[in-house]
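> Just need the structure, nothing else, for what follows:
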Amino acid sequence: MTFTVWLSLFTICILGAMSPGPSLAMVAKHSLAGGRKNGLATAWAHAFGIGVYALMTIVGLAVVLHQSPLVFKSISYAGAFYLAYLGFNALRSKGGVAAKLESGQTVSAWQSAKEGLMISLLSPKIALFFIALFSQFVAVGHDWGSKAVIVATPLIVDGLWYTLITFLLSSPRLLDKLRARAVAIDRLSGLVLIALAVRVILTV
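Down below sits the predicted model:
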């Protein structure tokens, strides 16, 4: 796998992690309610679930590519349209990154970790996102080293992003800056996601 290909993978992973949704709300809830320890437990348990999804998806798509290239191409096109859908939603957003920062009741770090893991494993949107994401990378990940990188990248990116969110939520000044730039973050994410969707369609 070349650095350029990996950089494309990294870009989609960070945009996927930054996308507002139940995962962001869950990490924010436990960070605000239980403190930094709970937030970090939620973040890395969620990242572990992302790694599980990534592993299952890369193996499954590799099988589909080997057995039926036509089906694989159809999955790739569907994935591209899903990335474009996410992009258009981000462009229409009014700053969802900040809107999802919610508080909640205090729980143990173990409970926080369990909820973080379950919200990643039980989310159908995450499954769709990985099908959309990995359909363009599975062909270049023939060897086990490349597969390991493809699986490890979203896991580490997800964990580090939500670790950042946890630290942001413990610093009111940084949180205010995030809120102030929430709309711009959504607009930029939308444009990049749409561009990546076009790239998938042109390269399948």
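> what helices or strands is the helix or strand hosting Phe81 leaning on?
If you go by DSSP states H and E, Phe81 is part of helix 69-92. Applying 3 or more C-beta pairs under 8 Å, 6 or more residues apart in numbering; DSSP states H and E, we find helix 69-92 packed against helix 36-67, helix 124-134, helix 182-203. Heads up, the C-betas are built off the backbone N, CA and C, glycines and all.
> can you state the direction angle for the first one and helix 69-92?
Going back to what we said before, that points to helix 36-67. 150 degrees (axes from the mean of the first three to the mean of the last three C-alpha atoms, to 10 degrees).
> again, but for the last one
With the same axes, to 10 degrees applied, the angle from helix 182-203 to helix 69-92 works out at 160 degrees.
> what's the answer for the shortest one, then?
Taking the same axes, to 10 degrees, one finds helix 124-134 and helix 69-92 inclined to each other by 120 degrees.
> Now the element after helix 124-134, going C-ward?
helix 144-169.
> Tell me the buried residues in that next one?
By neighbour count on 16 or more other C-beta atoms under 10 Å, the buried set for helix 144-169 is 146-147, 149-151, 153-155, 157-159, 161-163, 165-166, 168-169.
> Tell me the pLDDT of Ile194.
Looking at Ile194, its pLDDT reads 83.
> circling back to that earlier point, please tell me how far the helix holding Phe81 is from the chain's geometric centre.
Mean C-alpha position of helix 69-92 versus that of the full chain (C-alpha atoms, centre = their mean, to the nearest Å) differs by 15 Å.
> which residues touch it?
Contacts to helix 69-92, defined as C-beta atoms under 8 Å, 6 or more residues apart in numbering, come from residues 12, 19, 61, 64-65, 96, 128-129, 131-133, 135-136, 138, 186-187, 189-194, 196-198, 200-201, 204.
> Enumerate every residue touching Glu43.
Careful, residue 43 is Ala and not Glu. 27, 116, 158-159, 162-163, 165-166.
> ok, back up a step: what average pLDDT does the helix holding Phe81 get?
Per-residue scores along helix 69-92 average to 76.
> count of residues packed around Ser171?
11 (other C-beta atoms under 10 Å).
> Tell me the spacing between it and Ser189.
22 Å (C-beta to C-beta, to the nearest Å).
> still on that earlier bit, show the buried residues in the contacts of helix 69-92.
Using 16+ other C-beta under 10 Å as the burial test, the contacts of helix 69-92 include 12, 19, 61, 64-65, 96, 128-129, 131-133, 135-136, 138, 186, 189-190, 192-194, 196-197, 200-201, 204 as buried.
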